[in-house]
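Participant: Sequence and computational prediction follow.
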Amino acid sequence: MLWFAVVDRAASLRVPGRVVGSDTVSLFAGSRREWDMSNTKVMTRMLVVVAVGILAGCGGKQALMPKETPAWVIKGSGAFKDAGEHVFYGVGAVTGVHNKPLAVTSAENRARAEVAKVFETYSASLMKDYAASTTGGAAITAETPSSEEQHIEQTIKTFSAVTLSGVMIVDRWEDPNNATIYSLARLDLKAFEDQVKKMQVLNANVKAYIKENAERAFDDLAAEEDRRR
């Protein structure tokens, strides 16, 4: 609407000796074509920039890391099958700490904390499945007749307190670009199963259920994490 109003007004102008309207319309038409071409170029450049940004976003963390970055740094924490074994891994990172020994210790502590998070998620799922599989609320412990649900939280804490003592730091890496220290912590599922056998506070039914379902629950957690990645 505004464009045609300007052209119409230009066509009605007069100067001594000649009509301005046709020249002005021709001038405006040429300017319009140049304006369209200019804007087409701008839009094309904007689309290219947006596409590059989307591709970079899809690459995520991996796109920003050096080529020599270990695979475990990129994968992060979680439940993984490693050479046929069921393993909980935790990755801790520390940056901006100039004291190298302190940075290493902090990264290791964070890696252990990551293992604890993954393991607690696993053990909570395992015990809730056990509670759902029982009828009449059979007790988790041998010492109390209370229902399963009332003891799930305490049982998970017991699992964590006993099992997480077996967490080991198995690798470390320093990013050459920003001096970030990464540490990798590991906990084998078998270590958890071995600890369960020694827990006298658990009744025989719970121990039997864990023995039969520990790997199945692990596989379920690993599959869920894969879907979220």
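Facilitator: Alright, I've got the coordinates.
Participant: what's the pLDDT at residue 133?
Facilitator: On pLDDT, residue 133 comes in at 80.
Participant: Assign the residue nearest to residue 118 when sequence neighbours are not counted to helix, strand or coil.
Facilitator: Nearest residue to residue 118 in three dimensions, chain neighbours excluded: residue 88, at 5.0 Å (CB to CB, 6 or more residues apart in numbering). The way it works is simple: take the backbone N, C-alpha and C, and place the C-beta from them, glycine included. Of the three states, residue 88 takes strand under DSSP: H, G, I helix; E, B strand; the rest coil.
Participant: Now do the same contact list for residue 88.
Facilitator: Going by CB atoms under 8 Å, 6 or more residues apart in numbering, residue 88 touches 78-80, 115, 118-119, 122, 186-189.
Participant: Over to residue 159?
Facilitator: 119, 123, 192, 195-196.
Participant: cool, and residue 194?
Facilitator: Residue 194 neighbours (CB under 8 Å, 6+ apart): none.
Participant: Where does it sit: helix, strand or coil?
Facilitator: Applying three-state DSSP: residue 194 is helix.
Participant: Equivalent analysis for residue 68, please.
Facilitator: Per three-state DSSP, residue 68 ends up coil.
Participant: Need phi/psi at it.
Facilitator: Main-chain dihedrals, residue 68, degrees, to the nearest 10: phi -80, psi 10.
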